[in-house]
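J.: structure for the following, please:
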Amino acid sequence: MLQYSHITQLSILIMTHSISIRTFILAVTLLTLTPFLASANNECAFSRTLSVGDNGEDVRCLQVFLNKAGFDVADSGVGSVGNETTTYGGLTEAAVLRWQEARNVPGANGVFGPQSQAMYLLDLLATLEVQQQALATDVTVSTPTPAPVVAGVSVAAGDEEVDEAARILEEAVAMVAAAEEQIEDENDAEERAELEHDLVDVRADLFEALLAYFNGDYDEAIEVGEEALEDATDVFEDAGGESEKSETEEVLEDVWDLYKDVEELIEEANDQNADIGDAKDMLDDAKDLLDDADDEFDRGVYRQANSNALDVEEILEDAKDEIDVVTENDANRDVEDAVDEYERAEEEINEAEEDGEDVDESEDFMDDAEREIKRAEAALDDEDWDDASSLARKAEKLIDQATDSIGGGSDGDKDDANDAVDEAWDEYRDADDEIDKAEDDDERGADDARDLLDDAKKLLDDAEDALDDEDWGEAEDLAKEAEDLIEDALDEL
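T.: Here you go, the predicted structure:
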């Protein structure tokens, strides 16, 4: 399993020794693949802290390393070259201390712990990088090699290809670590064993990609690294994790659905000769960016793909706002809402009449509303969606006037209207403060929120005019519409 304490100490060593980010990526990769590296190159795979009194083959391996590196455990006899032992004694401790001091390992004390093991990996990495440089310059060097050079492999690769290979290795290593952590949470022993077995194969592929990288075969490193990344992601998800890949895939599917909806909306608008503003150009921009997002997803750059998809979503929502058209669904919904409101108001008026209240004026309004609903239904039959929606909204206003007129109207209607408008203004002011803060912080959605709030203010101004005209029902309706817009504005943040 991956030693997280080693990664932490390796990070510290990277910073204190001014080593490049790419070197750090590859060093972490080496750390992840230590078991494979050890078996392939006769190097040590440490999984515990070693100190005086410990015994094991890892101690012997450490003594061999120290002797080869010039920090002899002993000049002759026990611990000397060819006579390494499995016991970590005072001689081993002294040799480790000399090596730590020479390598500037923090807290040098003769104990071979995570910091020392991380530095050991950096020493090994330096050997591998010497080999890579030799390949690039055709210089023959006498150093231990982690793998044979692949014949016929070109090392003349551009920086972009090298960076792409390093990026894939980094993401694959991160996903292996995430999969290991997820597997640890699996309670079923049989399932955990199966997942760990799958991850062994992933590490083998990742090691192959690493060797290809150091051999200068960046195409091979990218290809095999992508396979390792995908397989590691599968293991992570099989273990119950939700990967960045699956999240991004869902976002892309949703945005593509939205793209198709806007595309159909533009077609409907064209059929109705309705104004679509810049919607078509915005749709084209969205398509280009969405294609880029798909490409990024295919390359495994999920974060960028997700970001592009969210940008597309904003463009498409803006495109919808540009289109001045009422769809068939919109029209049907508006007419159905008007019918529902009519039936609800009819029950209210009948109850009021039974209670002896004056409903003559209310019934006149209801007659007018019924007539507008019938006209709206006829417009639906003629597929005149815009007219149907407009007539339905007119019917709803008449219905509101009908319920407001129960009992011949009262001061209560006036008070209710004033209260509704006052409350809407309070909500407006609160939202205005929040949006001001969002604009100062450059939050996504702040511009759209401001536009919606401006529309709400216009409705509230109209509501004030309705109060002046003593049209209490209209004032309340406008206040309610304004509150809905204010809520939509806050949802944009």
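J.: state the distance from residue 294 to residue 313.
T.: 14 Å (Cβ to Cβ, to the nearest Å). To be clear about C-beta, it is placed using only N, CA and C from the backbone, and glycine gets the same treatment.
J.: can you check residue 200 too?
T.: Distance from residue 200 to residue 313, by Cβ to Cβ: 40 Å.
J.: who's more crowded, those two?
T.: Using other Cβ atoms under 10 Å as the criterion, residue 200 and residue 313 rank with residue 313 on top: 17 against 10.
J.: backbone phi and psi for residue 74, please?
T.: Backbone torsions of residue 74, given as degrees, to the nearest 10, read phi -150, psi 150.
J.: next: residue 81.
T.: phi -50, psi 130.
J.: quick one: pLDDT of it?
T.: pLDDT recorded at residue 81 is 92.
J.: once you drop chain neighbours, what's closest to it?
T.: Nearest-residue entry for residue 81: residue 67, 4.8 Å, with adjacent residues in sequence omitted and distances by Cβ to Cβ, 6 or more residues apart in numbering.
J.: contact partners for that neighbour?
T.: 73, 80, 81, 84 (Cβ atoms under 8 Å, 6 or more residues apart in numbering).
J.: the second one in helix, strand or coil?
T.: This means residue 80. coil (DSSP: H, G, I helix; E, B strand; the rest coil).
J.: now residue 295: which helix or strand?
T.: helix 279-298 (DSSP states H and E).
J.: tell me which residues of that helix come out buried.
T.: By 16 or more other Cβ atoms under 10 Å, the buried positions in helix 279-298 come out as 279, 280, 282, 283, 285, 286, 289, 290, 292, 293, 296, 297.
J.: check contacts around the fifth one.
T.: By that I understand residue 285. residue 315.
J.: max-length helix in the chain?
T.: Ordering each helix of the chain by length in residues (DSSP state H) puts helix 411-440 first.
J.: what is that helix packed up against?
T.: Counting contacts by 3 or more Cβ pairs under 8 Å, 6 or more residues apart in numbering; DSSP states H and E, helix 411-440 is packed against helix 446-468, helix 472-491.
J.: quick one: closest of these to residue 234.
T.: Set against residue 234 and scored by Cβ to Cβ, the helices and strands packed on helix 411-440 come closest in helix 472-491, at 35.7 Å.
J.: so where's the stretch 251-400 of the chain shaky on pLDDT?
T.: Scanning the stretch 251-400 of the chain for pLDDT under 70 picks out 324-325.
J.: would you map the helices across the stretch 151-300 of the chain?
T.: 159-184, 189-214, 218-238, 244-271, 279-298 (DSSP state H, counting those that start in this stretch).
J.: Serialize those to CSV and add fields for distance to residue 402.
T.: Shown next, in CSV, are the helices of the stretch 151-300 of the chain (distance: least, Cβ to Cβ, whole Å):
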stretch, distance to residue 402
helix 159-184, 61
helix 189-214, 65
helix 218-238, 57
helix 244-271, 33
helix 279-298, 38
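J.: so of these, which one's packed in deepest?
T.: Comparing those by mean neighbour count (mean count of other Cβ atoms under 10 Å), helix 218-238 ranks first with a mean of 21.
J.: for residue 317, list the residues it contacts.
T.: By Cβ under 8 Å, 6+ apart, the neighbours of residue 317 are 258, 448.
J.: which stretch of helix or strand covers it?
T.: Short version, using DSSP H and E: residue 317 is in helix 302-322.
J.: can you give me the buried ones in that helix?
T.: Quick answer for helix 302-322 (16+ other Cβ under 10 Å): 302, 305-306, 308-309, 311-313, 315-316, 318-320, 322.
J.: got the angle between whatever helix or strand comes next after it and helix 244-271?
T.: Heading C-terminal from helix 302-322, the first helix or strand you meet, by DSSP H and E, is helix 328-354. For helix 328-354 against helix 244-271, the angle between stretch directions is 80 degrees (axes from the mean of the first three to the mean of the last three Cα atoms, to 10 degrees).
J.: is residue 292 in contact with residue 308, as I believe?
T.: Yes: counting by Cβ atoms under 8 Å, residue 292 touches residue 308, with 5.7 Å between them.
J.: where in the stretch 1-150 of the chain is pLDDT low?
T.: Those would be 1-43, 45, 122, 124-150, if you go by pLDDT under 70 across the stretch 1-150 of the chain.
J.: can you give me the helices in it?
T.: Going by DSSP H, counting those that start in this stretch, the stretch 1-150 of the chain shows helices at 4-16, 21-32, 34-41, 57-68, 90-102, 114-137.
J.: excluding sequence neighbours, find me the nearest residue to residue 353.
T.: residue 359 (4.8 Å).
J.: and if you look at residue 92?
T.: residue 73 (5.6 Å).
J.: correct me if wrong: that neighbour contacts residue 97.
T.: No: assessed by Cβ under 8 Å, residue 73 is found out of contact with residue 97, at 11.6 Å.
J.: who has more neighbours out of these two?
T.: More crowded of residue 73 and residue 97, by other Cβ under 10 Å: residue 73, with 23 against 17.
J.: let me see the contact set for the more buried one.
T.: Residue 73 neighbours (Cβ under 8 Å, 6+ apart): 63, 66, 67, 79, 80, 84, 91, 92, 95.
J.: show the buried residues in these.
T.: Here, 16+ other Cβ under 10 Å leaves 63, 66, 67, 79, 84, 91, 92, 95 buried among the contacts of residue 73.
J.: TSV for the residues you listed, including distance to residue 344?
T.: Converted to TSV, those look like this (distance: Cβ to Cβ, whole Å):
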residue	distance to residue 344
63	89
66	88
67	92
79	94
84	91
91	93
92	88
95	90
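J.: closest to residue 385 out of those residues?
T.: Among the buried ones among the contacts of residue 73, and counting by Cβ to Cβ, the member closest to residue 385 is residue 66, at 83.4 Å.
J.: who's in contact with that closest one?
T.: Applying Cβ under 8 Å, 6+ apart, the residues near residue 66 are 72, 73, 92, 95, 96, 99.
J.: just residue 112 next, same as before
T.: Counted by Cβ under 8 Å, 6+ apart, residue 112 has contacts 46, 49, 50, 51, 62, 88, 96.
J.: picking that back up, winner for burial among the helices and strands packed on helix 411-440?
T.: The most buried one of the helices and strands packed on helix 411-440 (mean count of other Cβ under 10 Å) is helix 472-491, showing a mean of 21.
J.: which residues are in contact with that helix?
T.: Residues contacting helix 472-491 (Cβ under 8 Å, 6+ apart): 397, 400-401, 403-404, 409, 413-414, 416-418, 420-421, 423-424, 427-428, 431, 434-435, 448-450, 452-453, 455-457, 459-460, 462-464, 466-467.
J.: run the angle between that helix and helix 411-440 for me.
T.: Going by the same axes, to 10 degrees, helix 472-491 makes 20 degrees with helix 411-440.
J.: can I get the CA coordinates of helix 472-491 in CSV?
T.: This file holds the C-alpha atoms of helix 472-491, laid out as CSV (Å, rounded to 0.1, in the frame of the first residue of the first chain):
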residue,chain,number,x,y,z
TRP,A,472,-55.3,46.0,-5.3
GLY,A,473,-55.4,42.7,-7.0
GLU,A,474,-53.0,43.8,-9.8
ALA,A,475,-50.7,45.3,-7.2
GLU,A,476,-50.5,42.0,-5.3
ASP,A,477,-50.0,40.0,-8.5
LEU,A,478,-47.1,42.2,-9.5
ALA,A,479,-45.6,42.0,-6.1
LYS,A,480,-45.7,38.2,-6.2
GLU,A,481,-44.1,38.1,-9.7
ALA,A,482,-41.4,40.4,-8.4
GLU,A,483,-40.7,38.1,-5.4
ASP,A,484,-40.4,35.1,-7.8
LEU,A,485,-37.8,37.0,-9.9
ILE,A,486,-35.9,38.0,-6.7
GLU,A,487,-35.8,34.4,-5.7
ASP,A,488,-34.5,33.4,-9.2
ALA,A,489,-31.9,36.1,-8.9
LEU,A,490,-30.6,34.7,-5.7
ASP,A,491,-30.5,31.2,-7.2
